[in-house]
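Q: Based on what follows, work out the 3D shape:
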Amino acid sequence: MKILILTVWVVGAGITGAALYGIAYEVERMESELAALEMEIRNERAAAHGLEAEWAYLARPARIEELSQRYLPRMRSLSASQIGTAGDIPYQPLPDVLDVLNPEDLATPASTRIIQ
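A: Residues are numbered from 1 along each chain as shown. Prediction:
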């Protein structure tokens, strides 16, 4: 009986050790994956920072004006008379959706309609 109990304990300890080894290996793999992802995030943030700096340089108002004068020589600045308000836009009401549709189509659901 003692041998059976000792064997069960040894087998249980072996299974537990193997499971702990597997878990430890999995944790190490996940930690290395996390480190790689953190490195990738740092690289992407650095690249985004560089792109933001480049955009700020390219979008300077003085540069835009110089490019517009070079490539759009006939374009002129807007005068005050060319600028209006939203109230200056003519309002045309849209037709009501129910006026456009056939009333028979509204009364009959599409799933029960028979097309001939």
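
Q: next helix or strand past the longest helix belonging to the chain?
A: Of all the elements of type helix in the chain, the one with the most residues (DSSP state H) is helix 2-58. Downstream of helix 2-58, the next assigned helix or strand under DSSP states H and E is helix 61-71.

Q: Can you give the distance of that following helix from its chain's centre?
A: The chain centroid and the centroid of helix 61-71 are separated by 33 Å under CA atoms, centre = their mean, to the nearest Å.

Q: Averaged pLDDT, that helix. What do you get?
A: The average pLDDT for helix 61-71 rounds to 90.

Q: and that helix, C-alpha only, in PDB?
A: What follows is helix 61-71 as a C-alpha-only set of coordinates in PDB (Å, rounded to 0.1, in the frame of the first residue of the first chain):
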ATOM      1  CA  PRO A  61       2.100  78.900 -44.900                       C
ATOM      2  CA  ALA A  62       5.100  80.700 -46.500                       C
ATOM      3  CA  ARG A  63       6.000  77.500 -48.500                       C
ATOM      4  CA  ILE A  64       2.400  77.000 -49.600                       C
ATOM      5  CA  GLU A  65       2.100  80.600 -50.800                       C
ATOM      6  CA  GLU A  66       5.400  80.300 -52.700                       C
ATOM      7  CA  LEU A  67       4.300  77.100 -54.400                       C
ATOM      8  CA  SER A  68       0.900  78.600 -55.300                       C
ATOM      9  CA  GLN A  69       2.600  81.600 -56.800                       C
ATOM     10  CA  ARG A  70       4.900  79.400 -58.800                       C
ATOM     11  CA  TYR A  71       2.400  76.800 -60.000                       C
END
